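**Q** Sequence first, then the predicted structure, then my questions.
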Amino acid sequence: MAGRRRSKEELNAAAQRGLALAVERLRRRKGWTRERLAKEANLTPKTISSIEHCEWEPKWGTLSQVAKALGLSMRRLHELAIDAAPGVPGDMLRTQEEKAEDVDVNAVIAKRSAGRR
């Protein structure tokens, strides 16, 4: 149903699925197996499998290890997870702080552009 308000649980599930899809896509893009990503991230293959299959919500430390192994910042992994989240506009999964940062960045860009005219 278009436009219906999603529950917090639905948004959390979508965010977790987006993370799973992002990690799997990035891993495959590198041509890595789960075992290779696990080795690079100093984790177990079961941990990587659990992330990719949404079996549990990983801790930030675990995600940090995965991001580093994939050559990404945590912020970039978060952005890719939002983009991959199925059926949810990315803006719904972003924090108020992230939205505020965009406003601040846009204001700076607008001021700089106005000064060049």
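**A** Here it is on my side, so go on.
**Q** quick one, helices of this protein?
**A** Using DSSP state H, the helices found in the chain span residues 8-29, 34-41, 45-52, 60-69, 74-84, 96-116.
**Q** Pipe those helices into a markdown table and attach mean neighbour count and mean pLDDT per row.
**A** Glycine gets a C-beta too; all of them are placed from N, C-alpha and C. Listed next are those as a markdown table, based on neighbours: other CB atoms under 10 Å; pLDDT from 0 to 100:
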| stretch | mean neighbour count | mean pLDDT |
| --- | --- | --- |
| helix 8-29 | 17 | 88 |
| helix 34-41 | 18 | 98 |
| helix 45-52 | 18 | 96 |
| helix 60-69 | 17 | 95 |
| helix 74-84 | 17 | 88 |
| helix 96-116 | 10 | 50 |
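**Q** out of everything not next to it in sequence, what's closest to Gln56?
**A** Actually, residue 56 is Trp rather than Gln. Excluding its sequence neighbours, the residue lying closest to Trp56 (CB to CB, 6 or more residues apart in numbering) is Ser50, at 5.6 Å.
**Q** and the end-to-end length of stretch 70-78?
**A** End-to-end distance of stretch 70-78 (CA to CA, to the nearest Å): 13 Å.
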